[in-house]
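Asker: only geometry, no sequence info:
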């Protein structure tokens, strides 16, 4: 997805066609494989680049962090192997340098983005890198988890009738079930509510005092589980 963090793990053993895994955002990717040949990967080149190809052509604008490479096959269907790289909360895992990879760039700060915590040596930084306000490798909203066991926030107050509103929120649904994020109501009648389903459905609804919808929004394509989504 554009403008959202995506976590990718790839582990392959070319000598055994059953040993191949790609997980995107901690979910097995079922895309059919293309070529899969029992042969060596060419790691003999003396020039290695990040965000440029072998000719030095620069890639498009992007954000990148926690780049890891080693020569080990890991069965990613085993959750413990995925937790080496991504936490259950969908954040990059710590301690990857302890695995002694040839390449590990956490990229937590622009000034040290070229520092390789693996065994293969540091890179030379070209151009000016920018430090993002918040990255995939930084904590944010650490107290925002609702575990589904009678957890909610409530407030009683009097609000006037309106015809304009702005709503903004960031959310992540972990399972394929309904999640209600916000509900403003008078008595038993909802005036505004937001809910989502892990199978890709998002509803935003405003109602009048009689309970009739005056605005409703439905999105069913850009929403996935285990991923932070921002809606405004």
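Answerer: Done, it's in. Remember, predicted model here, so these are calculated numbers, not experimental data.
Asker: When you work out contacts or count neighbours from here on, use the C-alpha atoms and nothing else.
Answerer: Fine.
Asker: Point out where this protein drops to low pLDDT.
Answerer: 1-3, 132-143, 174-177, 186-188, 198-200, 220-227 (pLDDT under 70).
Asker: ok, which stretches of it are strands?
Answerer: 8-12, 20-24, 27-28, 67-69, 103-105, 169-171, 178-186, 189-197, 201-207, 213-219, 229-231 (DSSP state E).
Asker: and the second one, what other elements does it pack with?
Answerer: It refers to strand 20-24. Contacts defined by 3 or more CA pairs under 8 Å, 6 or more residues apart in numbering; DSSP states H and E place strand 20-24 against strand 8-12.
Asker: Partner strands of the strand it packs on, with direction?
Answerer: strand 20-24 (antiparallel) (DSSP bridges).
Asker: Buried residues, the strand it pairs with. List them.
Answerer: Going by neighbour count (16 or more other CA atoms under 10 Å), the buried part of strand 20-24 is 20-23.
Asker: ditto for stretch 82-101
Answerer: Buried residues in stretch 82-101 (16+ other CA under 10 Å): 82-83, 85-86, 90-93, 96-97, 101.
Asker: for stretch 160-179, same thing?
Answerer: Neighbour-count burial for stretch 160-179 [16+ other CA under 10 Å]: 171-173, 179.
Asker: ok, now stretch 68-80?
Answerer: 68, 74-76.
Asker: So which of the residues you listed is the closest to residue 43?
Answerer: Lowest distance from residue 43 to the buried residues of stretch 68-80 (CA to CA) belongs to residue 68, with 14.8 Å.
Asker: now the closest one, nearest residue through space, not along the chain?
Answerer: residue 104 (4.4 Å; CA to CA, 6 or more residues apart in numbering).
Asker: circling back: hmm, which two among the buried residues of strand 20-24 are most spread apart?
Answerer: 20 and 23 (10.2 Å).
Asker: count of neighbours near residue 191?
Answerer: Number of residues near residue 191 (other CA atoms under 10 Å) recorded here: 21.
Asker: on that earlier part again, which one of the buried residues of stretch 68-80 is nearest to residue 125?
Answerer: Where the buried residues of stretch 68-80 are concerned, and distances follow CA to CA, residue 125 has its nearest neighbour in residue 68, at 17.6 Å.
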